[in-house]
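**Student:** With the sequence up front, the predicted model follows.
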Amino acid sequence: MYDNDDSIFIVPMSVELVKTMKIIGKNLDLDLILKTRSTLCF
């Protein structure tokens with residue numbers, strides 16, 4: 001067993017809100033995120 005101190009927050013967001021986000025750090029592929037898909041893999 002290992003200690004896991006990480007957390008994952010799942011926050012529902014509208015498309016309009018995602019488009020207005022300011023991203024700090026690595027760029028995200030927003031086109032990949034905003035398209036309707038049943039599975040999202042990074």
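**Tutor:** Here it is on my side, so go on.

**Student:** now the strands: where do they sit in the chain?
**Tutor:** For the chain, strands defined by DSSP state E do not occur.

**Student:** So which residues of it form helices?
**Tutor:** Using DSSP state H, the helices assigned to the chain run over residues 15-19, 30-34.

**Student:** Pull the distance from the helix or strand of the chain with the lowest mean pLDDT to the chain's centre.
**Tutor:** Least confident helix or strand of the chain, by mean pLDDT, DSSP states H and E, is helix 30-34 with a mean of 73. Here the centre of helix 30-34 is set off from its chain's centre by 9 Å, with Cα atoms, centre = their mean, to the nearest Å.

**Student:** and it, what does it pack onto?
**Tutor:** Counting contacts by 3 or more Cβ pairs under 8 Å, 6 or more residues apart in numbering; DSSP states H and E, helix 30-34 is packed against helix 15-19. Any C-beta I mention is one placed from the backbone N, CA and C, and that applies to glycine too.

**Student:** hmm, who's touching the helix it packs on?
**Tutor:** By Cβ atoms under 8 Å, 6 or more residues apart in numbering, the residues outside helix 15-19 that reach it are 30, 33-34.

**Student:** returning to that earlier point: got the CA positions of the least confident helix or strand of the chain in PDB?
**Tutor:** Taking C-alpha atoms only, helix 30-34 is exported to PDB below (Å, rounded to 0.1, in the frame of the first residue of the first chain):
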ATOM      1  CA  LEU A  30      -9.500  23.400 -25.100                       C
ATOM      2  CA  ASP A  31     -10.800  22.100 -28.400                       C
ATOM      3  CA  LEU A  32     -10.300  18.500 -27.000                       C
ATOM      4  CA  ILE A  33     -11.900  19.400 -23.700                       C
ATOM      5  CA  LEU A  34     -14.900  21.300 -25.200                       C
END
